[in-house]
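Enquirer: Sequence and computational prediction follow.
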Amino acid sequence: MCGIIGYIGDKKTIPILINGLQKLEYRGYDSAGVCISNNGDLKTIKKKGKLQKLVDTIATQDIDGPIGIAHTRWATHGEPNEKNAHPHLDCKGEIAIVHNGIIENYSSLKKLLEKHGHKIESDTDSEIIAHLVEKFYKDDLESAVREALQLVDGAFGLAVIHKNEKKIIAARRGSPLIIGIGKNEMFVASDVPAILEHTKKVIYLNDNEMATISQGGYEIKNLEGKRVAEKVEEIKWTIDQIEKKGFKHFMLKEIFEQPEAISNTLRGRIKEDRIKLSVNFDVKDISRVLITACGTSWHSGLIGKYILESIAQIPTEVDYASEFRYRKPLIKSDDLLVAISQSGETADTLAALREAKEQNAKTLGIVNVVGSTITREVESGIYLHVGPEIGVASTKAFTSQVVSLILLALHIRQEKGLKVDKKIIKELFRLPKKIAEALKSAEDIKKIADKFKDSKNFLYLGRGVNFPVALEGALKLKEISYIHAEGYPAAEIKHGPIALIDEDMPVVFVVTKNNLTQKTISNMQEVKAREGRIIAIVNKGDKEIKKITDYVIMVPETVDELSPIINSIPLQLLAYYIAEAKGMDVDKPRNLAKSVTVE
Ligand code: M6R
C-alpha cells in the first residue's frame, strides 16, 4: 500500500531516498516524507500530495546526513494530510518510524499510551509504533522495537531510527520488506525497484523477522530475538526494464510489451508438444480447482474456469479472495487452490491462500513478483516472467496470467493421460505475433477514443470465455478514465441493463468468431434497435457484424481458449486512449495503489 525506503551509508542520503520514493510511487502517492538522522539530530520533512511537492520543499532546505528513512503513503487511517504523512516521531522527537500495513489494535494501544502521558499527534495507526518504541527505549533501539512489536496486532513493514544510534531497524509481518546489501551502505525498502540502481543483492525478510542494519552490515533475527539464517538473492531485473522507454506512460509501454512478455511466460515451458511446468505434486489426484484473486487477477481467474473445465476437464470455482476468506469455504485435501496475483502481496489473496492451506488443500501461485509473499507460501508456482508492471492498471500481467492458466490446464490434461490438442500449442506459439498484429490498430483506436471521451457511461458485453474480457475492459476504463462502465454477459442485457440503452450509451461488444457469434449478433441487433452506439471487437471477414456496428476493431483470429488474450489488447488501448484524451494521470489513478496489502 505504502512505499518505504531507508538508507545508511557513506553517500548523500537525500537523493537516494527521493529516487527510491519515485520508484515506489505506484504503491501510494497521497503524501510523502523523509527523516534524516545526522549527528544526534532528526530532521523531518513531510508534504501532502504528489512526491514532487516534497522534492520541491527539500530543494529549498539544507538537509542531509548518513542515515535516513522515507515513505510514500496510501491512506488507510486518517485523511491524506501533512500531519498523517510519515515518518512519525515519538514525543521527544528522538525516534522516527515509517510503516506500511495496518495496526489492528491501535485504538487500545493509543488509550494505553495516552494514559502514560504520550501525546499522539496524527490520526494514523502507525504513529502508535513510534510511541511504543519510545516507551521501551533504554539505549538499545533493537530491543525497544522488539518489545514494542510484541504488543502489536496486525500487519507491518517497518523501518525505525533513533537520533543517537547509527542503525536502522526493519521489521516485517504481512507487509513486504527487503534489505539491500551494498558496499559500505545498506538499504531497506518495500520493493526492489527502489534500490535496484544501487544494489542487486537483496534479502527478502520473512514474516516476524527483524533486521538491524548498519553501514557495515546486517543481522537478521526473529521477533523473539533469535538469529535466523538469511538467504541473499541476486535480482535479475535491470533498471532499464523499469523505465518508460520513450512511451508517454508506463501503462502504454506495458501494453506494447505484451508480445515479448507472453514469449517470456511461454519460454521453456513447452518442449516437443509437452508442457514443462515444475509443479511439486501430482495433479492427477486433484478433484477440483479453487481459484482465488482480486480485481484484474480475478478476471483472469474467471477465464481460467472456462479453460480448466474445457481443457483439463476439471471442475473449477472462482472466488473473490475477499469473499472466499470469510465465507467458510468447504475445502478438501484433493482440492487445488490457485492464488493469482501480479504483486504476490495482495492481503485478501494471501489470506485466502492461508485459509486453504489450513484446510490442507494443495496450493499453487500464479504470480509476477519474484520472492513476493504468495510465492513463498505456496507449494508450487508459475511465475509470469513479464518484468515489473508499474502502471497501476494491470495489462501485461493479465494476459500472461491467462497464458499461465492455459499452461496449467494443458499440464493437468497431459498428466491425466488425455491427448493434448496440438492446435492450442501451435496457437500459443503464434500469440506474440498475433498480439503484435492487434497492437497495430492503436492509431485507429485512438481516433475512436477521441469520439467517446466525453461519454458518461459504457457497457461492455461478451459471451462465453469472452464475458470476463468484457468485465476486464470495463474495469480498465473505470480505473483510469473515471467513466462509469459495466461488463455483462451479452445475453444478460435483456434482463435489466437494456433499459439503459439509448443514443448516449456506447456499447463495446467482444464478438470474435466462436460457437456463440450468431447469438451475440442477435444481442447486437437488440442494442442497435435501441440506438445504442456499438464498438465491436471482431475477426477479419465478419461482414454481417460490420453492417450493424458503428466502429469496428479487427483482431487476428485464434482458438476460442486463447481469444481473451488477443481480444483484451484493443480494450486496454481503448481505455488508455480515452483516459489520455481526458488528461488523466494514467499510471497513478486517484484512490488506487498498485499493491493492496491491506484488506
Ligand atoms: O497484485 P494483484 O494481482 O493481486 O492485484 C489485484 C488487484 O488489486 C489488481 O488487479 C487491480 O484490480 C488492478 N488495479 C487492476 O488493473
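Expert: That came in fine, so what should we check first? Residues are numbered from 1 along each chain as shown.
Enquirer: Every contact and neighbour count from this point should use C-alpha atoms.
Expert: Fine.
Enquirer: domains of the chain?
Expert: Using automatic domain parsing, the domain ranges for the chain come out as 3-235, 237-437, 440-585.
Enquirer: Make JSON lines out of the ones you listed and add mean pLDDT, mean neighbour count and distance to residue 591.
Expert: Shown next, in JSON lines, are the domains of the chain (pLDDT from 0 to 100; neighbours: other CA atoms under 10 Å; distance: least, CA to CA, whole Å):
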{"stretch": "domain 3-235", "mean pLDDT": "94", "mean neighbour count": "21", "distance to residue 591": "8"}
{"stretch": "domain 237-437", "mean pLDDT": "93", "mean neighbour count": "20", "distance to residue 591": "11"}
{"stretch": "domain 440-585", "mean pLDDT": "94", "mean neighbour count": "20", "distance to residue 591": "9"}
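Enquirer: Tell me which of the ones you listed sits nearest to the ligand.
Expert: domain 237-437 (3.3 Å; CA to the nearest ligand atom).
Enquirer: Check whether that closest one comes near the ligand.
Expert: Yes. Using CA under 6 Å from any ligand atom, domain 237-437 reaches the ligand at 294-297, 341-344, 346, 392-394.
Enquirer: Compute the first-to-last residue distance for that domain.
Expert: With CA to CA, to the nearest Å as the measure, domain 237-437 spans 27 Å from end to end.
Enquirer: what's the spacing between it and its chain's center?
Expert: 13 Å (CA atoms, centre = their mean, to the nearest Å).
Enquirer: With stretch 501-517 instead?
Expert: For stretch 501-517, the distance to the chain centre is 29 Å (CA atoms, centre = their mean).
Enquirer: Same check on stretch 158-165?
Expert: That offset, for stretch 158-165, works out to 30 Å (CA atoms, centre = their mean).
Enquirer: Check stretch 197-212 too.
Expert: 20 Å.
Enquirer: Start and end of that stretch, how far apart?
Expert: End-to-end distance (CA to CA), stretch 197-212: 22 Å.
Enquirer: And for that stretch, what's in contact with it?
Expert: 142, 167-174, 176-182, 218-223, 230-236, 239, 371 (CA atoms under 8 Å, 6 or more residues apart in numbering).
Enquirer: for residue 501, phi and psi?
Expert: phi -80, psi 130 (degrees, to the nearest 10).
Enquirer: Name all residues that make contact with it.
Expert: Taking CA under 8 Å, 6+ apart, one finds 527, 530-532 in contact with residue 501.
Enquirer: rerun at 7 Å
Expert: Applying CA atoms under 7 Å, 6 or more residues apart in numbering, one finds that residue 501 lies in contact with 527, 530, 532.
Enquirer: quick one: the first one from residue 378, how far?
Expert: In this case it means residue 527. Taking CA to CA, one finds residue 527 at 45 Å from residue 378.
Enquirer: Show me the strands in the stretch 251-400 of the chain, by range?
Expert: Applying DSSP state E, counting those that start in this stretch to the stretch 251-400 of the chain gives strands spanning 270-271, 274-275, 288-293, 316-320, 335-341, 362-367, 380-383.
Enquirer: Just send the ones you listed back as JSON lines, with distance to residue 262 too.
Expert: Shown next, in JSON lines, are these (distance: least, CA to CA, whole Å):
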{"stretch": "strand 270-271", "distance to residue 262": "13"}
{"stretch": "strand 274-275", "distance to residue 262": "16"}
{"stretch": "strand 288-293", "distance to residue 262": "21"}
{"stretch": "strand 316-320", "distance to residue 262": "23"}
{"stretch": "strand 335-341", "distance to residue 262": "16"}
{"stretch": "strand 362-367", "distance to residue 262": "14"}
{"stretch": "strand 380-383", "distance to residue 262": "12"}
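Enquirer: right, and those strands - which one's nearest residue 558?
Expert: For the strands of the stretch 251-400 of the chain, the distance to residue 558 is smallest for strand 270-271, at 18.5 Å, taking CA to CA.
Enquirer: Quick check: can you name the pairing partners of that closest one and their directions?
Expert: Using DSSP bridges, strand 270-271 pairs in its sheet with strand 274-275 (antiparallel).
Enquirer: Pull the residues that contact the strand it pairs with.
Expert: 269, 407, 410-411.
Enquirer: Let's see which of those end up in strands.
Expert: Among the contacts of strand 274-275, DSSP state E puts none in strands.
Enquirer: Spatially, which two of these are the most separated?
Expert: Longest span within those, CA to CA: 269 and 410, 11.0 Å.
Enquirer: gap between the two ends of stretch 325-335?
Expert: Stretch 325-335: ends 16 Å apart by CA to CA.
Enquirer: just stretch 70-83 next, same as before
Expert: 15 Å.
Enquirer: is the ligand contacted by that stretch?
Expert: No. Contact of stretch 70-83 with the ligand (CA under 6 Å from any ligand atom) is absent, the minimum separation being 13.6 Å.
Enquirer: chain center to that stretch: distance?
Expert: That offset, for stretch 70-83, works out to 20 Å (CA atoms, centre = their mean).
Enquirer: Which residues does it contact?
Expert: Taking CA under 7 Å, 6+ apart as the rule, stretch 70-83 contacts 1-6, 17, 21, 25, 28-35, 46-48, 84-87, 98, 122-125.
Enquirer: Could you do stretch 561-580 as well?
Expert: Outside stretch 561-580, the residues that touch it by CA under 7 Å, 6+ apart are 307, 399, 402, 435, 438-439, 442, 445-446, 449-450, 453, 465-466, 469, 473, 476-477, 480-481, 537, 555, 586.
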